[in-house]
Each structure stands twice: as C-alpha cells, then as structure tokens.
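> Have a look at this prediction, sequence included:
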Amino acid sequence: MSTSTRSNIAIAILWIAILLATGYYIVEGLKVIAEPVSKIIVAVLTGLFALIGVYFTHVLTTLREREADQVRRKQERYAAILEGLVPYIRSDGDKADEFAVPVLHAYVVGERRVASAIARFLEDRTSKKLDTIVSSMRVDLGMEPLDPDTSTEGLLAPKIIETAGLK
C-alpha cells in the first residue's frame, strides 16, 4: 500500500473521529440546553477538533508532497545518467539518434507497454506501430486510447515510409 493511500485512509479515519466526537458533544450539549456553560464547552471542543483535523491534514499533505518531490528528484538524476549513456546505446558512428534521450526517459518513467511499443516502432517504423505508441502513452497518462478510426497515418515523413518499404 502506497504512502499516499495510507495518508488518505488516515485522513478519512481522522475526520470520521472528529465528526463522531463533535456529534457526541453536540448531543450532550443539547441534553443540558439550559446550561450556557455546556454550550460554550461544545463550541470550544468543536473548534479544537476542527483545528486538530486541519493540522493532521496539513502534516499528511506535507509528507505526500515530500515523497512526490523525492520521486521527481530521482527521475531527474536518472535522466542525467541516461543522457550520459546515450552515445553508448543508440548511436551509429558519428550520427547520433536525436530521439535517444526521450526514448531512454520513456523506459524509466513510462509504463512497460510504452517502452516496448517504442522498441517495436524503432525496429519497423510504420504508422500502425506509431498508433500503438500514442495509444500506450495516452493510457499511461490516464486518457482514453486512440479511437480505432483515428490513425497517425500520414504523420511519418516520406523518407521513413520509403525506408520501411511502404511505398
């Protein structure tokens, strides 16, 4: 279970406890409605529980933000390492591949499906395989995949189409 999920569960439990305690004190305060002191106590306790809830929410949010920041910094470090590895991985003599860095980054931060779609496209550059890359990326971002009627056909440069033997 991730830290974010645990944080959300903890926040939910805390707010349930706050609501139950507040409800209890309100009922108790209403039982003795003639006493103004009980009304003051109920009001003070309700405010106190609200402040405690806000504090815990702030602490858990701060922890979640720190965790996200650590992941972002780790990705940046990995990106720097990958950029240093580019000449050794996807170069052909003096002519380096201009997509080497983004492709390697996709292997680190993207889903396995995206990385394998990129690898298949680099082996055989066709519109269908480009469609697979775009669909995989959209799914990875939480979007709907490409509509079956939508295609990237026509987006590939003629040079690539001729190289792939499609003309």
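Arrived safely, thanks for sending.

> where along the chain do the strands fall?
Remark: strands assigned in the chain by DSSP state E are 91-92, 95-96.

> Could you tell me the least trusted of the ones you listed?
Least confident of the strands of the chain, judged by mean pLDDT, is strand 95-96 with a mean of 50.

> how many neighbours does the residue nearest to residue 113 when sequence neighbours are not counted have?
Distances taken as C-beta to C-beta, 6 or more residues apart in numbering place residue 136 nearest to residue 113, at 4.7 Å, with adjacent residues excluded. Any C-beta I mention is one placed from the backbone N, CA and C, and that applies to glycine too. Neighbourhood size, residue 136 [other C-beta atoms under 10 Å]: 22.

> you'd agree residue 136 is up against residue 111?
Yes: contact criterion C-beta atoms under 8 Å: residue 136 and residue 111 qualify, at 6.9 Å.

> Would you quantify the distance from the residue nearest to residue 113 to residue 144?
12 Å (C-beta to C-beta, to the nearest Å).

> cool, and residue 27?
Noted for residue 27: a distance of 49 Å to residue 144, by C-beta to C-beta.

> how far away is residue 112 from residue 119?
Distance from residue 112 to residue 119, by C-beta to C-beta: 10 Å.
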